[in-house]
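[1] Got a predicted structure here, sequence first:
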Amino acid sequence: SPFEITDHYIQSYKDGIAELKASAALHHPVERSFAAEYAEAEVKSEPHEYDFIIVGGGTAGAVLASRLSEVPEYKVLLLEAGGEETKITKIPGMHKVLGASKHAWGYHTEPQETWCLGHENKICPVVTGKILGGSSAINDMIYTRGNVRDFDLWADLGNDGWCYDDVLPYFKKSENAHLHEFDRKFHNQGGLLSVEDPHYLSNLSHAFLAAGKELGKNIVDYNGKDQLGFSVPQLNTENGERTSTYNAFIKHFATRKNLVVRPLSQVIEILISPHSKEAQGVKYVHEKEVIAAKASKEVILTTGAINSAQLLMLSGVGPKEQLESLGIECIIDSPVGQYLKDHPTFKGLNYIYPIEEHHDDHEHDIINYLRNGKGPLTVPGIEALAFLKTEASKDTAHYPDVYFTFVPHPKTAEHEANFDVQITLTHPKSTGYVALKTKDPLNWPKISLNHLSDADEHDITTMLAGIRLAQHLCDTAALKGSKLNDQPIDGCASEEHPFNSDGYWKCAIKHATYSAGHYTGSCKMGKEAVVDNELRVHNVHKLRVVDASVIPVSITGHPQAATVMIAEKAAELIKHSWK
Ligand SMILES: Cc1cc2nc3c(=O)[nH]c(=O)nc-3n(C[C@H](O)[C@H](O)[C@H](O)COP(=O)(O)OP(=O)(O)OC[C@H]3O[C@@H](n4cnc5c(N)ncnc54)[C@H](O)[C@@H]3O)c2cc1C
């Protein structure tokens, strides 16, 4: 920065960070009730009519609002339940705190029987953003598009227009690549969404990449020709600062007269005529008011895989039996919420690494972040990735069944230097669901992720194979000196299953597996599914879903880039259909 960074300015960051951490630690999300809060409220009407109402200013919603409002004749209303990002939420190093803060919905699972056993009452958090930018404003910022085969499988399921060759131009359209090396066939410069190499890497991550090479794996651009191999992550940051889709796609166009963005506005119903089966508008709550707004062209749901399913069901689109049992008139019987996918991540593999790498200087990190856009605050702490095939894979081609996330923890006053190799399943067989608990729109939905529940044990077997592969990696000369942390997970080591036996790890997996926050599929695209290949809700007019919920086969990796691609493509489909 050309400006002098004053002590006062640095202090404002220190205070902001401390405040966010403290408020996240104390944050206990409380389930709200429409009946209690709005019983007396009259429904007011929005004074203007809009062409498009976009519900949810998150990852996809921000992209879509930006693209539709490029057409000056379209009047677009974007409604978002959460508030604004701040200079503190944009610090990449804050990602861990954000998920537990008021900027996330605070959801959790129903008690789980097959995983999450190390958590109180076997209930695990379900993290999803509640802020302009949505989950892209709170997530780990890793830019991964997925495997060529993912999209070809979408098309094979009957979704014409979604094979890899069809979607690649939309991935490229949004991208502004600032990468050390990249192939122009797969990347683009000049789009709205910045994609960068990390601005900070510790020495440990170089050793991790070298270990990959030692095993004969390639160092790859995992968004390029071949995904299998090792890499540093590509990040959605700009000069080391988080760039959410709201920041990338809307902030610069804030003066557009035809785009109205309304934060702190939670939609409680899509108004669908039971006779014409046409979406006509929405009802939303803003502060103490209940407001009805009309859309002359379309209502577009971009509320994410959990809330899009909930909102459709609250509005009469969902499994008939479930809706009727709660006293909701079923306008369209649809399998909403029944195919919820996620990526399970095992976080129980830790290595002590006695190389001197000390790190404890918070003030220095803040100054380095502000002055140079460098240092540990510019990254999410994930310093390397590997997309791999384990011995459990029956695939004959190059389809990774796991990815590794390398998370180093430098030495501090409290602990020795150590690192985690986290293992995530790319294509778990287990499937969860989102259902309604009640018909109160401010109540939380019922969520079950059901990780590791598939009958043929594909998921736990693959995770175990992933652990063994990670151990093999850590035995290389490049990571010489690293030592498996042999502190067993509570209740998992026994005479029958001693530490490091397969039995031990299977127990550990059930205790220390977490949700990656990669929710997809709850309003999936397909012929017998919830939306068609143009993302229109089957049998309802003027209503689309455009977010991660439509993804019909999970992404081999992190789903944000695919969600942005979906919104880019949807914008063109929508513009085309109203030409
Ligand atoms: C902790 C975490 C880490 C992750 N890390 C990565 C990563 O590194 N890379 C990656 O690619 N993916 C990552 N993901 C996943 C990725 O962020 C999501 O898949 C993607 O952002 C989902 O986009 P979306 O548009 O479907 O939903 P969201 O971005 O969640 O947007 C939905 C928006 O709708 C709003 N909304 C919901 N209900 C209502 C309502 N009734 N009325 C008004 N507004 C409403 C929400 O507040 C939110 O802003 C991560 C997710 C989490 C939770």
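    Okay, I see it. Predicted, not measured: the structure shown is a model, and the values here were computed from it.
[2] okay, CA-based contacts and neighbour counts for the rest of this
    Fine.
[3] Quick check: phi and psi on the residue nearest to residue 193 when sequence neighbours are not counted?
    Closest residue to residue 193 apart from its sequence neighbours, by Cα to Cα, 6 or more residues apart in numbering: residue 175 at 5.0 Å. Main-chain dihedrals, residue 175, degrees, to the nearest 10: phi -80, psi 140.
[4] ok, now the one 4 residues further on?
    For residue 179, the backbone dihedrals are phi -110, psi 150 (criterion: degrees, to the nearest 10).
[5] close enough to count as contact, it and residue 197?
    Yes: using Cα atoms under 8 Å, residue 179 is in contact with residue 197, at 5.4 Å.
[6] and residue 368, what helix or strand is that in?
    Assigned by DSSP states H and E, residue 368 falls within helix 362-372.
[7] Partner strands of the following helix or strand past that helix, with direction?
    Later in the chain than helix 362-372, the nearest helix or strand by DSSP H and E is strand 384-388. Note on strand 384-388: by DSSP bridges, its sheet partners are strand 229-231 (antiparallel), strand 402-409 (antiparallel).
[8] want to try TSV for the ones you listed, with mean neighbour count and distance to the ligand as columns?
    Below are the strands paired with strand 384-388 laid out as TSV (neighbours: other Cα atoms under 10 Å; distance: least, Cα to the nearest ligand atom, whole Å):
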stretch	mean neighbour count	distance to the ligand
strand 229-231	23	14
strand 402-409	23	11
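[9] Redo those strands as a markdown table? Include mean pLDDT.
    Formatted as a markdown table, the strands paired with strand 384-388 follow (pLDDT from 0 to 100):
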| stretch | mean pLDDT |
| --- | --- |
| strand 229-231 | 97 |
| strand 402-409 | 96 |
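[10] confidence score at the residue nearest to residue 193?
    Note on residue 175: pLDDT of 98.
[11] go on, residue 359?
    If you check residue 359, the pLDDT there is 69.
[12] Equivalent analysis for the one 3 residues further on, please.
    The per-residue pLDDT reported for residue 362 equals 85.
[13] Next one: it from the ligand, what distance?
    With distances taken as Cα to the nearest ligand atom, to the nearest Å, residue 362 is found 23 Å from the ligand.
[14] tell me the contacts of that residue?
    By Cα atoms under 8 Å, 6 or more residues apart in numbering, residue 362 lies in contact with nothing.
[15] Now name the helix or strand holding the residue of the chain positioned farthest from its centre.
    The C-alpha centroid of the chain is most remote from residue 495, which lies 40.0 Å away (Cα atoms, centre = their mean). According to DSSP H and E, residue 495 maps onto no helix or strand at all.
[16] cool, residue 267 as well?
    Using DSSP H and E, residue 267 falls within strand 265-272.
[17] and that strand, what other elements does it pack with?
    strand 76-79, strand 279-286, helix 304-314 (3 or more Cα pairs under 8 Å, 6 or more residues apart in numbering; DSSP states H and E).
[18] elements contacting the longest one?
    So the one you mean is helix 304-314. Contact analysis of helix 304-314 by 3+ Cα pairs under 8 Å, 6+ apart lists strand 265-272, strand 433-435 as its packing neighbours.
[19] Nearest to the ligand, out of these?
    The ligand lies closest, by Cα to the nearest ligand atom, to one member of those: strand 265-272, at 3.5 Å.
[20] List the strands paired with that closest one, with their directions.
    strand 279-286 (antiparallel).
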